[in-house]
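Peer 1: Build me a model from this:
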Amino acid sequence: MMKGLGSKKFVIYLSLTLLYAALIFYLSSQSHLPQAASELEHYLREILRNIGIQYFYTFKFIVEYFDKLEHFILFFVFGILLRLTTSHSRYPPIRDNAMLVTLIVGIGYGALDEVHQMLVPHRSASVADFIADAAGIIAAQIFIALVLWMYAKLQDARNR
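Peer 2: Next up, the predicted model:
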C-alpha cells in the first residue's frame, strides 16, 4: 500500500506537512483573519500588556509588530514538519541533506506565500513578512539541531 511512498512515518509526516501547507495557503487567501484568529491575537496582546511587557524593548517590538511573530511561529512549526518529512524520505540524498532541503523548500514556500498574497484583495506582499517566515524556518532547524545534539550527549552519558 505505502511501498511507493516510503515508510508509514514518512506518509504520516508528509500528510501533516501538506495539510499544514494548505492551512498556510488558506490563511493567506483570507482578506481578513478569521474571527477566532483575531480574537486570539486580541487576548495575547492583552496578556502581554497586563504583564508589563511594554517596559522591555524586545517585547515592545513584538507587540508593535505582532503579525511578524505570527509569521515566525507559523513557519517555525512548518519547518519542524518539513524536517520530519525530509528526514524520513526513502531517498538517501534527501534524507542525508534533510536540513538543506527543508531550508530550500520552507523558505521557497514562504516566498511563494508572499507572492500569493499579492493576488488576494486587501492583502499585500511584504519583505518583512518573508523575513519572519524565513527566520521561523531557520530557527526550527537550529532548534532541531540543538535537540539532536542534546539527545546525543545524553545517550553518550548513558553509555559510559
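Peer 1: any idea which helix or strand comes after the strand or helix carrying Arg83?
Peer 2: Element membership for Arg83 (DSSP states H and E) is helix 66-87. Later in the chain than helix 66-87, the nearest helix or strand by DSSP H and E is helix 92-96.
Peer 1: Show me what the helix or strand just after that next one packs onto, helices and strands only.
Peer 2: Using DSSP H and E, the helix or strand that directly follows helix 92-96 along the chain is helix 98-118. Judged by 3 or more Cβ pairs under 8 Å, 6 or more residues apart in numbering; DSSP states H and E, the packing partners of helix 98-118 are helix 8-28, helix 66-87, helix 127-158. The way it works is simple: take the backbone N, C-alpha and C, and place the C-beta from them, glycine included.
Peer 1: If I look at the residue in the chain sticking out farthest from the centre, what pLDDT would I see?
Peer 2: Distance from the centre of the chain peaks at Arg160, with 36.7 Å (Cα atoms, centre = their mean). Per-residue pLDDT puts Arg160 at 81.
Peer 1: quick one: low-confidence parts of the chain?
Peer 2: 1-5, 33-41, 45, 48, 51-65 (pLDDT under 70).
Peer 1: between the helix holding Arg83 and helix 98-118, how big is the angle?
Peer 2: 140 degrees (axes from the mean of the first three to the mean of the last three Cα atoms, to 10 degrees).
Peer 1: any idea of the angle helix 66-87 forms with helix 8-28?
Peer 2: 160 degrees.
Peer 1: What about the nearest residue to Arg123 once chain neighbours are set aside, how many residues nearby?
Peer 2: Nearest non-adjacent residue to Arg123, counting by Cβ to Cβ, 6 or more residues apart in numbering: Gln117, 4.3 Å away. Per other Cβ atoms under 10 Å, the neighbour tally for Gln117 reads 18.
Peer 1: so who does Gln117 touch?
Peer 2: Residues in contact with Gln117, defined by Cβ atoms under 8 Å, 6 or more residues apart in numbering, are 28, 123-126, 129.
Peer 1: Look up how far Ser31 lies from it.
Peer 2: 10 Å (Cβ to Cβ, to the nearest Å).
Peer 1: list residues touching both of the two?
Peer 2: Joint contacts of Gln117 and Ser31 (Cβ under 8 Å, 6+ apart) are Arg123.
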